[in-house]
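# Predicted model, plus sequence, below.
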Amino acid sequence: MAARSGFLSGLVRLVKRSAGYDAAGSAPARWRDGDPRWLDWNNTGTVPASVIERSRHAYRNDGYYRNGCDALATALAGSGWGLAPKDAGLLPAWTSYATNAVWGGGSFDGLTVAVMRDMVVSGEGLVAIQPDGTLHQLPRDVIDSAFSADPGNRRVIREGVEYQDGREVAIHVRLDGATVPERIEKPRYMRVYRQDFPGQVRGVPWGASVLVAADTLGETEHALATGVKVAAMFAGIATDENQAGGDFPFDGKSSGNVLESGLEPGTLKVLPSGWRVTFATPQQAQQSAEFLRHQLHRLASGLGVPTHLLSNNLSDANYSSLRAGMVEFNARTEAQQFGIVVPQFLKPAWEAFVTRQYLAGEIDNLDAAMACEFIPPARPWIDPQKDAAATAEMLKLGLTSRRRAVAELGWDVARLDQEISEDRIREAALGLNFTETNDA
C-alpha cells in the first residue's frame, strides 16, 4: 500500500517538474482585464488557474478562438449521438428521459454540446447526476483543486480527485461557500477531460498552447486598426522646404494653421516653388496581411481545426484542399469521440439510466441491459454524389456492411429498417410508389 502511494506521489512530482504553460506567464495588458486572479504560475503540474481564466476570456472576447472552440465542440457532439441498446425495448424509455433530462430544462443532446464546449474551453466538463436522474452541469471550479490527502486504504486524493488502486472513485467539491469539501462518489457524476500526459489529474483547456498566439493576433489587429485610423486623420502634409515663409498656397476653411477644407476631388493645384505635399497611406496594414495569416494558421494548428473553421473564409480553398483538411479533422475527431466522449460521458449516463430502470423494476437483467452501441453523429459529406457512389460500391464489393454504412450516417440500422418498413406499408395503402420512374 505504501509502495503504491509512494509511486503515485513520485509520478506527480515528476510531472510537476516537466510540465509548464507559456500561457501561465506574465499577463499582457489585454488579458489583465479578464480576471484579477491571474498569477505567474508556470512551473507546476497543476493546471494554473490563469490558463483556465485566459481561455475563458479568449472565448468570450476573441472571435477566432471562439469559432475554433465551437467547431471542436460541434464536431464531438454534433446534433446528438444515437444509441442502439441491445435491449431495444429500453429505447423509448431513454428517448422520453433524454428529452427533458437536464436540470432547469433542456435535452440530453443539448447538454452534450454544452459539456463538450466546457471541456474544450475550460479543460473539463462536469455533470452531477441527481438521485431522480436529473443531470446538472457544474463548472470545473467546484472541485477543490487545493485539496490533496492520503487517507489510506490504497486511496489518494490529488487536486480534489480521489483515486483507489489507480482508478478514479470520487471528487471533492465545495458548494455554496462550504468550508469542508463534500465527497461525491463516481456513479453520481461524470467528469470529461482529455489526458495530455501520464499522471495528469485535471483537464487542460484545448487552446492552452496557442493562447499567447491568440493574444498576439488580437493585439496586432488592434494596432493595425489604430494605425489606419491615425492615417485617415490626415489628408496630407504640406512642407515649406525653402522656408520662404510665404502665404499658404491652398485656399479653404482653416482652423489656425490646420486646413480643414479646400482640397476637393478633381482639383488641380499649382504649388509655388519650395512647397511639397505628401499624403498619408496605411502601407503597414498591407504589409502585415501575411503575418496575420500566419498567426491565424498557427492558432488553427494549435486548436487542431482547419483554418477555415476559425475564419469562415473559404476564398483560398478548393475541393481537394478542403476535403484533405476535413478528412484529417474527422479522423482526429473520431479518435476523441471514442476515446473521451463515449467512455467518460455517454457510457456512464447510459449505465446510470439503466440502473434506475432496474431499481424501479422496469428491467430484470441489469448486465444485459448495460450493453449499448453509441453511434456518432453523421458528418456532412463534401460531395454527396461521389461519397454515396463510393459507399454503394463498397457494399457491392463486400468491403463494408450495411450496418456500418448506416452508422456512418448517424442512424441505427434497426430503427432505419423499421422506418422503411412502415413507409412501404403506408405507401402501399395510399397507392404510392416512389421507386418507379416517370418517363412522361
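Arrived safely. Residues are numbered from 1 along each chain as shown.

# just for the protein, where's the confidence low?
1-45, 231-238, 240, 243-273, 280-287, 436-440 (pLDDT under 70).

# Run through the strands of it in chain order.
82-85, 124-129, 135-138, 149-152, 155-158, 161-164, 167-173, 182-185, 189-193, 237-240, 254-255, 258-259, 275-278, 372-375 (DSSP state E).

# Of all these, which one is nearest residue 53?
Evaluated with Cβ to Cβ, the strands of the chain place strand 124-129 nearest to residue 53, the distance being 13.9 Å. Where you see a C-beta, it was placed from the backbone N, CA and C, and this is true even at glycine.

# export that closest one as PDB, just CAs?
The C-alpha coordinates for strand 124-129 follow below in PDB (Å, rounded to 0.1, in the frame of the first residue of the first chain):
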ATOM      1  CA  GLU A 124     -13.200  19.800 -18.100                       C
ATOM      2  CA  GLY A 125     -16.900  19.200 -18.400                       C
ATOM      3  CA  LEU A 126     -18.600  18.200 -15.100                       C
ATOM      4  CA  VAL A 127     -22.100  16.800 -14.700                       C
ATOM      5  CA  ALA A 128     -23.700  15.800 -11.400                       C
ATOM      6  CA  ILE A 129     -26.400  13.000 -11.500                       C
END
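
# related to what we said a few turns ago, could you export the strands of the chain as TSV, including mean neighbour count?
Conversion of these to TSV gives the following (neighbours: other Cβ atoms under 10 Å):
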stretch	mean neighbour count
strand 82-85	20
strand 124-129	23
strand 135-138	18
strand 149-152	11
strand 155-158	19
strand 161-164	18
strand 167-173	17
strand 182-185	14
strand 189-193	22
strand 237-240	12
strand 254-255	10
strand 258-259	12
strand 275-278	13
strand 372-375	18
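
# Tell me which of those lies nearest to residue 339.
Between the strands of the chain, strand 189-193 lies closest to residue 339; by Cβ to Cβ that is 11.3 Å.

# tell me, what residue is most central in this structure?
The residue lying closest to the centre of the chain (Cα atoms, centre = their mean) is residue 69, at 2.7 Å.

# For residue 344, give its distance to residue 191.
Here the distance between residue 344 and residue 191 works out to 7 Å (Cβ to Cβ, to the nearest Å).

# Could you do residue 154 as well?
The value you get for residue 154 to residue 191, if Cβ to Cβ is used, is 21 Å.

# And residue 167, by the same measure?
In this view, residue 167 and residue 191 are 13 Å apart by Cβ to Cβ.

# cool, and residue 399?
39 Å.

# count of neighbours near residue 417?
Residues within reach of residue 417, counting by other Cβ atoms under 10 Å, total 13.

# which other residues reach stretch 155-164?
Stretch 155-164 is contacted by residues 5, 8-9, 12, 46, 143-151, 153-154, 168-173, 181, 183, 191, 201-202 when judged by Cβ atoms under 8 Å, 6 or more residues apart in numbering.

# Would you mind measuring the gap between the ends of that stretch?
4 Å (Cα to Cα, to the nearest Å).

# gap between the closest residue to the residue nearest to the centre of the chain other than its chain neighbours and residue 201?
Excluding the flanking residues, the one nearest residue 69 by Cβ to Cβ, 6 or more residues apart in numbering is residue 120, at 4.8 Å. Residue 120 is 19 Å from residue 201, where distance means Cβ to Cβ.

# Mind checking which of those two has more residues around it?
The residue with more neighbours, out of residue 120 and residue 201, is residue 120; 26 against 21, by other Cβ under 10 Å.

# separation between that one and residue 133?
From residue 120 over to residue 133 the distance is 26 Å, taken as Cβ to Cβ.

# and what of residue 49?
Counting by Cβ to Cβ - residue 49 and residue 133 are separated by 33 Å.

# Same question for residue 392.
From residue 392 to residue 133 the distance is 42 Å (Cβ to Cβ).

# More neighbours: which of the two?
For residue 392 and residue 133, the more surrounded residue by other Cβ under 10 Å is residue 133, and the numbers stand at 14 against 11.

# Excluding chain neighbours, give the residue nearest to the more buried one in space.
According to Cβ to Cβ, 6+ apart, the nearest residue to residue 133 is residue 356 (5.4 Å).

# now do residue 306
residue 325 (4.0 Å).

# mind checking how far the one you found is from residue 332?
Noted for residue 325: a distance of 11 Å to residue 332, by Cβ to Cβ.

# Check residue 423 too.
According to Cβ to Cβ, residue 423 stands 37 Å off from residue 332.

# next one: residue 133
Distance from residue 133 to residue 332, by Cβ to Cβ: 33 Å.

# now for the longest helix along the chain, which elements pack on it?
As assigned by DSSP state H, the longest helix anywhere in the chain is helix 211-232. Applying 3 or more Cβ pairs under 8 Å, 6 or more residues apart in numbering; DSSP states H and E, one finds that helix 211-232 contacts helix 49-61, helix 63-77, helix 283-287, helix 289-303.

# Identify the residues contacting the last one?
Judged by Cβ under 8 Å, 6+ apart, the contacts made with helix 289-303 from elsewhere in the structure are 64-65, 68-69, 72, 206-207, 209-210, 213-214, 216-217, 220-221, 224, 306-307, 309-311.

# one more time with 7 Å, if that's ok
With contact meaning Cβ atoms under 7 Å, 6 or more residues apart in numbering, helix 289-303 is reached by 64, 68, 72, 206-207, 209-210, 213-214, 216-217, 220-221, 306-307, 310-311.

# Just the buried positions in it, please.
Neighbour counts over helix 289-303 (16 or more other Cβ atoms under 10 Å) mark 295-296, 298-300, 302-303 as buried.

# what's the nearest residue to residue 408 if we skip its chain neighbours?
Distances taken as Cβ to Cβ, 6+ apart place residue 378 nearest to residue 408, at 6.9 Å, with adjacent residues excluded.

# before we move on, the earlier item: tell me the one of the buried residues of helix 289-303 nearest residue 340?
residue 303 (15.8 Å).

# For the closest one, give its distance to residue 404.
30 Å.

# do the same with residue 416
13 Å.

# Likewise for residue 325?
24 Å.

# that older thread, could you dump the helices and strands packed on helix 211-232 into a markdown table and include distance to residue 163?
Compiled in a markdown table, these are given as follows (distance: least, Cβ to Cβ, whole Å):
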| stretch | distance to residue 163 |
| --- | --- |
| helix 49-61 | 22 |
| helix 63-77 | 26 |
| helix 283-287 | 54 |
| helix 289-303 | 30 |
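
# Would you mind saying which of the ones you listed lies nearest residue 91?
helix 63-77 (19.8 Å).

# Just the angle for the closest one relative to strand 124-129, thanks.
50 degrees (axes from the mean of the first three to the mean of the last three Cα atoms, to 10 degrees).

# chain center to helix 63-77: distance?
Once both centres are worked out by Cα atoms, centre = their mean, to the nearest Å, helix 63-77 turns out to sit 4 Å from its chain's centre.
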